[in-house]
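K.L.:
sequence? don't have it. structure:
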């Protein structure tokens with residue numbers, strides 16, 4: 001049985017993802033109350049508490065009864081929240097065609113269907129990719145009396161506490177040439193499973209660069225690879241065309257080591273790139289953005305701009321070996337966006 005806390009954590013997560021034998025599972029694992037708390041906190045920081053607690057439930061291991069009761073209550077809360085989000089997503093996709101707008105759900109409840117227990121995936125926003133009628137969307141929202149706001153190139157709506165985001169594309173790349181290529185792929189493939197899966201990887205890569213990323217998104221990629229019946233040759237071709245080979249091979253190595261998967265469309269690559277990715281996922285998780293916002297919020301405007309410039313330049317340089325194209329183009333994208341913002345305000 002695993003001995004290190006990190007190994008025990010992944011043992012329960014794998015069990016929650018793929019199942020296990022409750023009669024024999026977890027024998028030999030003896031944890032203190034403090035260790036159980038530490039493991040659950042780790043699951044929450046990685047946005048996988050539902051899957052992780054489900055993994056514990058499939059073994060013979062248990063924390064003390066009062067703690068276990070709280071965890072089960074939290075699972076019920078996750079399921080109820082997911083049901084509300086699923087209903088909201090369904091309502092939007094049914095309402096939009098009446099205004100000449102077609103859209104489909106990307107990520108969230110859409111990718112959750114590949115999980116054995118979809119309602120245990122940690123909930124989030126509703127992401128809708130508009131395939132027809134983007135130019136009609138703002139007028140439709142206004143006519144319906146729905147308050148909306150622009151978010152860079154997207155549109156955001158607060159749907160009774162559920163954030164709904166409308167996107168033109170399944171994913172955004174900072175390299176403009178590859179963004180055009182991805183857009184052409186989307187026009188040709190529609191919402192094909194292979195392109196959907198590749199965009200999950202691209203989204204995860206973007207989070208690694210700018211927001212920080214946790215196991216929730218890694219699990220999305222893993223369960224879709226395991227259960228969606230993807231064409232490996234086609235997926236590999238797309239990853240090569242979109243220059244995502246380096247990152248994908250490091251990600252596949254991480255999933256092979258920690259989640260027990262194999263047979264990927266590209267061979268996993270261990271080494272420096274895999275260690276960089278592992279550091280981002282396990283040490284930063286989803287804390288990068290809120291921690292930076294808290295730190296930068298105390299600075300004056302000019303100091304904040306200079307500090308951000310230095311931070312993103314260093315981060316792009318540090319991640320160049322993992323995602324060279326995006327790491328090079330991202331600082332340029334930020335500079336152009338900042339300049340446009342200055343002139344737009346003036």
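P.N.:
Yep, that arrived. This is a predicted model, so every value here is computed, not measured. Residues are numbered from 1 along each chain as shown.

K.L.:
So which residues of the protein form strands?
P.N.:
102-106, 126-132, 148-151, 154-159, 162-167 (DSSP state E).

K.L.:
So which of these is nearest residue 252?
P.N.:
The closest of the strands of the chain to residue 252 is strand 102-106. By CB to CB, the value is 22.0 Å. C-beta coordinates here come from the backbone N, C-alpha and C atoms, glycine included.

K.L.:
What strands flank that closest one, and is each parallel or antiparallel?
P.N.:
Here strand 102-106 has these sheet partners by DSSP bridges: strand 126-132 (antiparallel).

K.L.:
Can you point out the buried residues in the strand it pairs with?
P.N.:
By neighbour count with 16 or more other CB atoms under 10 Å, strand 126-132 contains the buried residues 126-131.

K.L.:
Would you format the residues you listed as CSV with distance to residue 232 and pLDDT included?
P.N.:
Formatted as CSV, the buried residues of strand 126-132 follow (distance: CB to CB, whole Å; pLDDT from 0 to 100):
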residue, distance to residue 232, pLDDT
126, 30, 96
127, 26, 96
128, 29, 96
129, 24, 95
130, 30, 95
131, 26, 93
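
K.L.:
Out of these, the closest to residue 42 would be?
P.N.:
Of the buried residues of strand 126-132, the one sitting nearest to residue 42 (CB to CB) turns out to be residue 127, at 26.1 Å.

K.L.:
mind listing what that closest one touches?
P.N.:
105-108, 165, 167 (CB atoms under 8 Å, 6 or more residues apart in numbering).

K.L.:
Can you add distance to residue 216 and give the strands of the chain back as CSV?
P.N.:
Below are those laid out as CSV (distance: least, CB to CB, whole Å):
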stretch, distance to residue 216
strand 102-106, 15
strand 126-132, 14
strand 148-151, 21
strand 154-159, 21
strand 162-167, 16
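
K.L.:
which residues sit in contact with the closest residue to residue 74 other than its chain neighbours?
P.N.:
What sits nearest to residue 74 in space, not counting adjacent residues and going by CB to CB, 6 or more residues apart in numbering, is residue 49, at 6.5 Å. Contact partners of residue 49, counting by CB under 8 Å, 6+ apart, are 40, 43, 71, 74, 78, 122.

K.L.:
By neighbours, which of the residues you listed wins?
P.N.:
Each of the contacts of residue 49 was scored for neighbours by other CB atoms under 10 Å, and residue 43 scores highest at 25 neighbours.

K.L.:
Look up the closest residue to it, ignoring the ones flanking it.
P.N.:
residue 52 (3.8 Å).

K.L.:
and the gap between that neighbour and residue 122?
P.N.:
10 Å (CB to CB, to the nearest Å).

K.L.:
what's the answer for residue 75, then?
P.N.:
11 Å.

K.L.:
got any residues that touch both of these two?
P.N.:
In contact with both residue 75 and residue 122: residue 50, using CB under 8 Å, 6+ apart.

K.L.:
Residue 103 contacts residue 168, correct?
P.N.:
No - the criterion here is CB atoms under 8 Å, and residue 103 misses it with residue 168 at 10.5 Å.

K.L.:
Show me which of those two is the more surrounded one.
P.N.:
Higher neighbour count among residue 103 and residue 168: residue 103, with 22 against 15, using other CB under 10 Å.

K.L.:
what's near enough to touch that one?
P.N.:
By CB under 8 Å, 6+ apart, the residues touching residue 103 are 92-93, 96, 128-131, 166.

K.L.:
For the most centrally placed residue in the chain, which non-adjacent residue is spatially closest?
P.N.:
With distances taken as CA atoms, centre = their mean, the chain has residue 217 as the residue nearest its mean C-alpha position (3.5 Å). Spatially, and ignoring its direct neighbours in sequence, residue 217 is nearest to residue 204 (4.6 Å; CB to CB, 6+ apart).
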